[in-house]
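**Q** After the sequence you'll find the predicted model.
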Amino acid sequence: MSNESELFCSHLESVNIDIRKKTVDVYAEGGTVLRFTYTPRGVLLQLTLGTEVNHSPTDDVVGPPITESTSSTSEPVADAPAASRPKNPAEVMSGKLQTKPADGRPDGRGHPTAWARFLAHRDGDDGALLISATFHNRARAIALGLDAGDSITAQGYYHPSRDPQRLPTFSVFHLMKGFE
């Protein structure tokens, strides 16, 4: 063993491998921690000096692979992709179905959906909005039993359209009333 490797190994305290979190933590004297996180986009290396790592970065973190911090509350500096940005808060909308719900395309996880045009009242907007509503999970099964003209109250995520030729969307995960 060379002098360099003997010096390096003499300062190591432990190595922790977490297969579920896809992380390898290397602990050295003085509280220095190297965390390697295996993500779909590559390996993220996090260096923490003088403290222990108390958080785990998400699999979607991308950007500079090395981050130095002196506090356990610092997050890695990285650009987050659109998928990991915060979602719009869930909203409740009431209105009438303009079309009979029909089978839709599978969602991002391959689960079946249903969709219909929905004329809805949204807080803060004057009048009603025509929206393309997508029904997920149990809301899908209920929606497929509804007809055009049925009144519903739904909870989900509203997504305004960037294209004036397309309707805004409403991802419904819970039907609250009006479907009995």
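**A** Received it, and whenever you're ready, just let me know what you need. From a predicted model like this one, the values you see are computed outputs, not experimental measurements.

**Q** After the lowest-mean-pLDDT helix or strand in the chain, which helix or strand is next? Please name it.
**A** Taking mean pLDDT, DSSP states H and E as the measure, the chain has strand 66-69 as its least confident helix or strand, at a mean of 38. Next along the chain after strand 66-69, taking DSSP states H and E as the criterion, comes strand 91-97.

**Q** ok, and for that following strand, which residues are buried?
**A** Residues of strand 91-97 classed as buried: Met93, Ser94, Gly95, Lys96, Leu97 (neighbour count, 16 or more other CB atoms under 10 Å). Glycine gets a C-beta too; all of them are placed from N, C-alpha and C.

**Q** What is it packed up against?
**A** strand 114-121, strand 128-135, strand 151-159 (3 or more CB pairs under 8 Å, 6 or more residues apart in numbering; DSSP states H and E).

**Q** what does it contact?
**A** 116-123, 128, 131, 133, 146-158, 170, 176, 178 (CB atoms under 8 Å, 6 or more residues apart in numbering).

**Q** Please indicate which of those are buried?
**A** Buried residues within those, counting neighbours by 16+ other CB under 10 Å: 116-118, 120, 122, 131, 133, 146, 152-154, 156-158, 170.

**Q** if we can go back for a sec, name the nearest of the buried residues of strand 91-97 relative to Arg105.
**A** Leu97 (18.7 Å; CB to CB).

**Q** May I see the domains of the chain written out as residue ranges?
**A** As assigned by automatic domain parsing, the chain contains the domains 3-80, 91-177.

**Q** pLDDT averaged over the longest one - what is it?
**A** Domain 91-177 shows an average pLDDT of 92 in the prediction.

**Q** Looking at the helices and strands packed on strand 91-97, which is nearest to Asn16?
**A** Of the helices and strands packed on strand 91-97, the one closest to Asn16 (CB to CB) turns out to be strand 151-159, at 37.1 Å.

**Q** The closest one: what's the following helix or strand?
**A** Immediately after strand 151-159, counting by DSSP H and E, sits strand 169-177.

**Q** Show me what that following strand packs onto, helices and strands only.
**A** strand 128-135, helix 137-143, strand 151-159.

**Q** neighbouring strands for it, and are they parallel or not?
**A** strand 128-135 (parallel), strand 151-159 (antiparallel) (DSSP bridges).

**Q** I am finished for the moment; much appreciated.
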